[in-house]
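Enquirer: Sharing a sequence plus its predicted fold:
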Amino acid sequence: MMHNVLDSARLCGHITRRNWAVYRKDLFANISPSLADPALIMVSLGLGLGSYLSNVNGMPYMNFLAPGLTVATTLFTSFFETSYGFYVRMTFENVFKAMLTTPIGPAEVVMGELVWVGLKGLVMALGVSLVLACFGLASQPLLLPLVGLMGFLVGVACGAIGLISSGLIRNINQFQTVYSFLIAPLYFLSGIFFPIEQLWTPLRWLAEVFPLIHGVRMAQALFWNVEVVQTLALHGGIVLVQALVFGSIAYRVIHRKLVA
Amino acid sequence: MALSLPVVSARGLVKAFGSFTAVKGLDLEVHKGECFGLLGPNGAGKSTFIGMTYGSVARTSGDLSVFGLDPRKSARAIKKRLGVVTQDNALDESLSVRENMRLYAAFVGTNARVVDARIVELLEYMNLAHKADAPIGSLSGGMKRRLVFVRALLCNPDLLILDEPTTGLDPAVRHLLWGKVRELHAKGTTILLTTHYMHEAEVLCDRIVIMNRGEVSGHGSPRELIAQYAPGFVGLFDVQQKARVTEALSVHRAEKRTAPAPLETSSDFTFHEDASMITVRGPTLESLSSFCSARGLVPSQLRPSNLEDVFLKLTGQGLSDDA
């Protein structure tokens, strides 16, 4: 039993390593959107619009906006990796067809992909945080390494949502529907751009079902240095549960795709 | 050989995809050390069966064991001892030749200290050593196929599955791969081969099962199959000669009926026509050639029956006795 679990973990590690080996070949191109997008938002919304907003939740808009951008980066990094990225690997590049003739099974494929997006989420969230901290937007920079933890958890949970959509769509164009009706609303309505309390209550409760809003609260607690422990415990716990739930649904859906 | 546990054993194996049943109660055994061929037209259920052996296709009912293990429960243990030349190359185009092989060596658990040496050894074996650091996209079709063989051999498999290994390759590459397969067979590797090429099966296989529409329609060694289903010789004619051939046959048959004693050439001839040619089958080369010369027919080919004739007969696509 234990041997099997270790074997599984080793195989997951190889899938993660495979994705890294491919990713690193085009590192600059792969990393650019993750860093350029938050920078653009910071300039346009933070500096531009923000100059008219001096008091959002008792702070300048730049400071309000900063933590949420780390979560947004994590969302896009992980969702795109397990939606378009995974779908192309599975359908067009046939990467898994031969893998599945080796000791790797669908469980290792799903776990390996999720660990990969978790690590990507971790690194991206951390990278964006460090840049923002350089602009003095974090009140306690020593807390920022913990943003990486948020990045990992949110990365896995959002990655699982991406995998689920990869398993359900009938052709690659349908990701646009998932993007328009799920990912974009999550991005705009999870408390990144305005205080979540302002959101119409039924919508807010709907947002609570998804990992983004909890990631935003974690990042805000870390950037603003308020109620850090309680927030990480509660919302980190919720994202962990969501990651497990979405992850197991992803396993079922992808299993059906990989095993006829 | 038959005394030891079969490497692969299927009993009443069924696979249904919704209302379509791809494999309908398949029974077969692959024994240790043999090269076993699974032949059949497209859609016969060959690849579905192959997928079931390593757990990529879940069976609907029946029994299946590989190395005495059930792929439904012990897929990983089975796959550790299995090498598969997949029908699609499915090579990782984002990685180089060596990176591909390192990744797969890691998957099958090759000892890290010997992995590079093992890769070089197998690349040399398949005449690919000079391409070790090339991107996959720069390889020719034949090179990619040889690399898929390297990938399948990384784990030193006890069972090597070749799923249409030479489809789309030129004769030179095909012959090279046949040579390698025979070497592996001679070393005692058990081989399970699916192919559309009857000559390939005839050259490589000890035993053959011909599948059609999910069922076994014939089994035996290539010689046994030919002797049972398509004995004798065939003459091939251009389709434009159809009228002349059918006329000659009917004259021949009428003479045979009226003849007081059987003529030397009176044994039964059968006639078959498909889109590309007319085939006349007879019991001996002499009978067939004297029939042709007596009727002034010039066949494009006169040859012994082969597995292709058996295949066409068993899969309902030829040699019907409708002359």
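Expert: Perfect, I can see it now. Note that the coordinates shown come from a computational prediction; the quantities given were computed from them, not determined experimentally.

Enquirer: use CA for all of it now, contacts and neighbours both
Expert: OK.

Enquirer: list the contacts for B:E124?
Expert: B:E124 makes no contacts at all, as judged by Cα atoms under 8 Å, 6 or more residues apart in numbering or on different chains.

Enquirer: got the CA coordinates for the helix or strand encompassing it in PDB?
Expert: Here B:E124 is covered by helix B:115-125, with elements defined by DSSP states H and E. Provided in PDB are the C-alpha atoms of helix B:115-125 (Å, rounded to 0.1, in the frame of the first residue of the first chain):
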ATOM      1  CA  VAL B 115      19.800   5.200 -17.800                       C
ATOM      2  CA  ASP B 116      22.000   7.200 -20.200                       C
ATOM      3  CA  ALA B 117      24.000   4.200 -21.100                       C
ATOM      4  CA  ARG B 118      20.800   2.200 -21.700                       C
ATOM      5  CA  ILE B 119      19.400   5.000 -23.900                       C
ATOM      6  CA  VAL B 120      22.600   5.200 -26.000                       C
ATOM      7  CA  GLU B 121      22.700   1.400 -26.300                       C
ATOM      8  CA  LEU B 122      19.100   1.200 -27.600                       C
ATOM      9  CA  LEU B 123      19.500   4.200 -29.900                       C
ATOM     10  CA  GLU B 124      22.600   2.500 -31.400                       C
ATOM     11  CA  TYR B 125      20.600  -0.800 -31.700                       C
END
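
Enquirer: In space, what's closest to whatever residue of the stretch 1-150 of chain A ends up closest to chain B - neighbours in sequence excluded?
Expert: Minimum separation of the stretch 1-150 of chain A from chain B (Cα to the nearest Cα) falls at A:P103, amounting to 4.6 Å. Once flanking residues are discounted, A:P103 sits nearest to B:R76: 4.6 Å by Cα to Cα, 6 or more residues apart in numbering or on different chains.

Enquirer: What's the local residue count around that neighbour?
Expert: Neighbours of B:R76 under the rule other Cα atoms under 10 Å in any protein chain shown: 23.

Enquirer: Can you tell me the SS state at it?
Expert: helix (DSSP: H, G, I helix; E, B strand; the rest coil).

Enquirer: can you tell me which residues contact it?
Expert: By Cα under 8 Å, 6+ apart, B:R76 lies in contact with A:102-105.

Enquirer: and what of B:V209?
Expert: B:V209 makes contacts with B:36-39, B:216-220, as judged by Cα under 8 Å, 6+ apart.

Enquirer: re earlier: secondary structure class for the residue of the stretch 1-150 of chain A closest to chain B?
Expert: On the three-state scheme (three-state DSSP), A:P103 is labelled coil.

Enquirer: before we move on, what about B:F36?
Expert: Applying three-state DSSP: B:F36 is strand.

Enquirer: Count the neighbours of B:F271 for me.
Expert: By other Cα under 10 Å, neighbour count at B:F271 equals 21.

Enquirer: quick revisit: quick one, the helix or strand following the helix holding B:E124 and helix B:115-125 angle?
Expert: Later in the chain than helix B:115-125, the nearest helix or strand by DSSP H and E is helix B:141-153. Orientation check (axes from the mean of the first three to the mean of the last three Cα atoms, to 10 degrees): helix B:141-153 against helix B:115-125 gives 140 degrees.

Enquirer: List the buried residues in helix B:141-153.
Expert: By 16 or more other Cα atoms under 10 Å in any protein chain shown, the buried positions in helix B:141-153 come out as B:142-153.

Enquirer: Tabulate those residues (TSV), appending pLDDT and distance to A:Q242.
Expert: Listed next are those as TSV, based on pLDDT from 0 to 100; distance: Cα to Cα, whole Å:
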residue	pLDDT	distance to A:Q242
B:G142	91	47
B:M143	93	46
B:K144	94	42
B:R145	93	43
B:R146	93	45
B:L147	95	42
B:V148	95	40
B:F149	93	42
B:V150	94	42
B:R151	95	38
B:A152	94	39
B:L153	93	41
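
Enquirer: Report the two of those separated the most.
Expert: Pairwise distances across the buried residues of helix B:141-153 peak at 16.8 Å for B:G142 and B:L153 (criterion: Cα to Cα).

Enquirer: what sits against residue 149?
Expert: Because you didn't say which chain, this covers chain A. Applying Cα under 8 Å, 6+ apart to A:L149 gives the contacts A:L122.

Enquirer: other chain: chain B
Expert: B:84-85, B:126.

Enquirer: B:L38 too?
Expert: B:46, B:192-195, B:208-211.

Enquirer: go on, A:T102?
Expert: Residues in contact with A:T102, defined by Cα under 8 Å, 6+ apart, are B:76, B:79-80, B:82-83, B:104, B:107-108.

Enquirer: Run a quick neighbour tally on the nearest residue to B:C205 once chain neighbours are set aside.
Expert: Sequence neighbours aside, B:C35 is the residue nearest to B:C205 in space, at 4.9 Å (criterion: Cα to Cα, 6+ apart). Per other Cα under 10 Å, the neighbour tally for B:C35 reads 27.
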